[in-house]
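Colleague: below are the sequence and a predicted model for it; my questions follow.
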Amino acid sequence: MIADFTSYSAWYDPASVIGGVGGWGSALGMSLGAPLTRAPCRANGSCPNYVAATAITTQPNAFKLIPVITEAVNPVQTLFGTITTDGTVGLLGPNNIVAWHIVGRTQDIRSFTPTTSQLLNVAGLFTDNTVLKVDNNANGSFGILEIGVPSKNPSLLGTSVKLADFTDPFYIGGVASYFYGNFGLLAIKSPLTSKKSYVVGKVK
């Protein structure tokens, strides 16, 4: 939904949200949305128009959507993209929309600190006080740097981030990954390097 001013009461309590909603429904059927504007309607019952997109000057009849960002703290969800019309000016109908490219992005934001997580696996990690490196078969050793939160329930899996892992023979050249409990592997990058070590951090 780029902008919905007809049925937002199904998404949010109409008593607390004024001004429509944008967002999308997931494959699980759970509605995800965000209020578009809290501007109050006028005394005569009319409400201010909401600008859903602005013209792209380099592309005829193309409009760039105003991003819709959900109010959820985690995960943050953003709706963005473009819509192309047939050039009609004024009120548009379905036949006037000729193309679109819309993206719904879910961004999982988590903070790993000494108070919220712990070192799960560290080997082959070294520094010269300029960079922080993880061994990639340097001097016969394979390095790893993994931080996470073990599960308190033995039947569940913990959450972890591998900043660099050269110990898994399946990933030649190392791997960086984000493993989120029983949801499994959510993000991965491999290979990391063919060099003898991999830089995971630099002094600012």
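Modeller: Ah, there it is. Residues are numbered from 1 along each chain as shown.

Colleague: which ones are touching V51?
Modeller: Listed by C-beta atoms under 8 Å, 6 or more residues apart in numbering, the contact set of V51 reads I66. The C-beta positions use only the backbone N, C-alpha and C, and glycine is treated the same way.

Colleague: what's the span of stretch 193-201 from first residue to last?
Modeller: By C-alpha to C-alpha, to the nearest Å, the extent of stretch 193-201 from end to end equals 14 Å.

Colleague: who touches it?
Modeller: Residues contacting stretch 193-201 (C-beta under 8 Å, 6+ apart): 126, 131-138, 143, 145, 163-164, 166, 173-174, 192.

Colleague: need the buried ones from those residues selected in PyMOL.
Modeller: Buried members of the contacts of stretch 193-201, defined by 16 or more other C-beta atoms under 10 Å, are picked up in PyMOL with:
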select buried, resi 132+133+134+135+136+138+143+145+163+164+166+174+192
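
Colleague: pLDDT wise, what is the closest residue to G143 other than its chain neighbours at?
Modeller: Nearest residue to G143 in three dimensions, chain neighbours excluded: G124, at 2.4 Å (C-beta to C-beta, 6 or more residues apart in numbering). You'll see G124 listed with a pLDDT of 92.

Colleague: pretty sure G124 sits against L132.
Modeller: No: the criterion here is C-beta atoms under 8 Å, and G124 misses it with L132 at 11.6 Å.

Colleague: quick one: contacts for the most centrally placed residue in the chain?
Modeller: Centroid check for the chain by C-alpha atoms, centre = their mean gives Q107 as the closest residue, at 1.8 Å. Q107 sits next to P75, V76, Q77, T78 when contact means C-beta under 8 Å, 6+ apart.

Colleague: distance between the ends of stretch 191-198?
Modeller: End-to-end distance (C-alpha to C-alpha), stretch 191-198: 11 Å.

Colleague: can you give me the buried ones in that stretch?
Modeller: For stretch 191-198, burial by neighbour count (16+ other C-beta under 10 Å) applies to L192, S197, Y198.

Colleague: that stretch - what's its average pLDDT?
Modeller: On average, stretch 191-198 scores 93.
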